[in-house]
Every structure is written in C-alpha cells, then in structure tokens.
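Peer 1: I'd like to go over a predicted model; first the sequence, then the structure.
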Amino acid sequence: MSNALKIKDLNVYFGDHHDLFQAVKSASFTVEKGSSFGLVGESGSGKSTILKALTGLAPQWEGEMTVAGQQLGLKRDRSFYKTVQMVFQDPYASLHPRQSVDQVLSETLKLHGFSDINDRIEALLKDVGLGPAFRFRYPHQLSGGQRQRVAIARALASEPQILLLDEPTSALDVSVQAEILNLLSDLRAEHGLTFVMVSHDLAVVSHMCDQTAVMRNGEIVEIISIEDMRAGKTAHDYTSQLLHASVNRVA
C-alpha cells in the first residue's frame with residue numbers, strides 16, 4: 001500500500017528570538033493511503049500543531065512533510081487544497097454566520113473550479129445526511145451536529161484524498177458525537193479517504209483509527225496499533241497512563 005502522508009523529523013516553532021517556543025520536536029510517522037491515523041495526547045501536547053504545519057497555518061517548521069508523493073515547502077497551492085482538507089473542532093466558529101449552506105458550498109465549489117454547482121451541492125448534502133431542505137438555511141438555524149455535517153460537506157467539495165480531523169466531535173453534545181463519527185467512517189469507506197485525526201479521547205481514536213501516535217510535550221512517545229492499544233500492549237508508561245485514565249473515566 002502506498003503512502004498518503006509522510007512526516008520526518010518535524011520541528012514546529014512559535015514566536016521569535018527570546019520568546020521562541022518549540023511546540024513539536026522531531027515528529028516522524030507515515031500514514032498509508034486509505035488508512036486512518038490518530039494523534040492522541042493531552043492538551044498542549046503538539047498534536048493539533050502538526051495539522052497546522054501541514055496546512056500552512058504554522059509556517060515556522062523544519063523537517064520533511066510529503067503529501068501524495070509531493071514534498072511540501074513553505075507555501076500551499078491550490079493543488080494541495082484539492083488533495084487535503086480539514087474539518088475543525090468547533091462547527092460554530094468554522095461557518096460564516098451570514099452565509100447560507102448554499103453559499104458556503106457554492107463558494108467552495110467555484111474556488112476549486114467546478115461548474116455543475118447545483119448537482120454537486122445536492123450530492124454533498126446527501127453524502128452527509130442532510131436533505132435539500134437544509135440548503136438555504138443559515139448556521140443559526142442548524143444544530144451543532146448539523147453544522148458539523150455542513151463543515152464536512154465543505155471539506156468534501158474539492159474531492160480530497162486526505163481529511164485532517166481536528167477534534168471533530170469534542171464541541172458537540174455526547175448524543176450526536178457517535179452520529180458524526182459513524183458518518184465519517186462511512187465517508188472514508190465510500191470515498192477511499194485517508195484520515196489523520198487529532199483527539200484527546202482514546203475511545204474516539206479506538207473507534208476511528210487503525211494506528212495512533214501518542215504525544216507528550218511536543219514529542220511522539222509511541223506509535224501503536226489500535227489492536228495493541230485495546231490489548232494494553234504499550235511500550236511507554238505514558239500510553240499506559242492514558243489508557244488507565246480512559247478506562248477509569250468510562251467506569
């Protein structure tokens with residue numbers, strides 16, 4: 001199986017001079033095409049920063065990042081955003097409050113050069129489980145789960161190969177979190193997508209991913225298969241602590 005994404009010795013920094021902070025330290029991992037890879041750890045561990053570096057939102061980085069066989073430089077062009085899209089944590093913040101669902105999706109499709117806008121909007125809404133009645137609604141007329149479905153539809157508009165998922169359910173009610181995760185799983189299977197998912201929740205990673213990198217203080221301390229994680233076969237004490245805390249929280 002070919003690689004969709006490869007990161008080697010990635011270092012990411014914020015600030016400058018005396019205020020320089022290294023948020024990610026020598027991170028390396030590979031994601032196979034069609035698989036789902038997790039980045040898990042406590043808040044501030046550097047997992048979301050890796051996604052920001054990938055998308056160009058954290059420009060101070062060094063190392064190697066390769067996406068779909070193309071090595072990334074400092075800038076991201078349109079072809080990158082046709083290949084890679086991101087679903088953000090907060091659906092309340094990621095949608096423009098004065099744009100209808102139709103406007104959100106139309107603008108995205110036009111940006112990526114599609115002409116059959118009407119048909120594509122209908123197909124996107126169907127893909128994410130929203131009927132045509134939602135097309136002309138505004139964000140304030142939608143629930144949190146419905147907003148996140150629109151955000152997922154927007155991410156799918158460019159027909160990407162890779163979706164970056166930054167805590168896609170953590171801002172939602174518990175009752176709808178499973179619905180969104182199951183939707184994402186179905187979309188991955190239907191479209192042959194590759195996922196990179198950031199989460200602090202081991203239960204979510206266990207449900208969604210094939211393999212995960214465990215991060216602490218900006219470093220990857222372990223890369224572990226979900227089968228080994230479920231069986232408690234960990235190589236690092238910190239991973240064991242996370243698993244123990246997760247089990248206790250569920251209990």
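Peer 2: Thanks, I have it. Residues are numbered from 1 along each chain as shown.
Peer 1: Point to the residue nearest the middle of this structure.
Peer 2: By Cα atoms, centre = their mean, the mean C-alpha position of the chain lies nearest to Leu165, the distance being 1.4 Å.
Peer 1: Who's the closest spatial neighbour of it, skipping the chain neighbours?
Peer 2: The shortest distance from Leu165 to any residue other than its chain neighbours is 4.3 Å, reached at Met197 (Cβ to Cβ, 6 or more residues apart in numbering). Heads up, the C-betas are built off the backbone N, CA and C, glycines and all.
Peer 1: Tell me the confidence at that neighbour?
Peer 2: At Met197, the model reports a pLDDT of 97.
Peer 1: which stretches of the protein form strands?
Peer 2: 3-14, 21-32, 36-40, 61-67, 70-71, 84-87, 162-166, 194-199, 211-216, 219-225 (DSSP state E).
Peer 1: what sits up against stretch 140-150?
Peer 2: Residues from elsewhere that reach stretch 140-150 (Cβ atoms under 8 Å, 6 or more residues apart in numbering): 87, 91-92, 94-95, 97, 101, 104-105, 128-130, 134, 139, 168-169, 171-173, 176, 179-180, 183.
Peer 1: which of those count as buried?
Peer 2: 87, 91, 94-95, 101, 104-105, 128-130, 134, 139, 168-169, 171-172, 176, 180, 183 (16 or more other Cβ atoms under 10 Å).
Peer 1: Buried residues of stretch 181-196, list them for me.
Peer 2: 181, 183-184, 187-188, 193-196.
Peer 1: Repeat that for stretch 206-213.
Peer 2: Applying 16+ other Cβ under 10 Å to stretch 206-213 flags 206-209, 211-213 as buried.
Peer 1: Could you give the average pLDDT over it?
Peer 2: pLDDT averaged over stretch 206-213 gives 94.
Peer 1: what's the answer for stretch 122-141, then?
Peer 2: For stretch 122-141, the per-residue pLDDT averages 96.
Peer 1: Could you do stretch 64-72 as well?
Peer 2: In this model, stretch 64-72 has a mean pLDDT of 95.
Peer 1: And it, end to end?
Peer 2: The straight-line separation of the ends of stretch 64-72 (Cα to Cα, to the nearest Å) is 7 Å.
Peer 1: repeat for stretch 159-167
Peer 2: By Cα to Cα, the extent of stretch 159-167 from end to end equals 21 Å.
Peer 1: List of residues touching it?
Peer 2: 4-5, 33, 48, 51, 54-55, 67-68, 81-89, 155, 184, 188, 192-200.
Peer 1: mind running it again at 6 Å?
Peer 2: Applying Cβ atoms under 6 Å, 6 or more residues apart in numbering, the external contacts of stretch 159-167 come out as 4, 48, 51, 83-89, 193-199.
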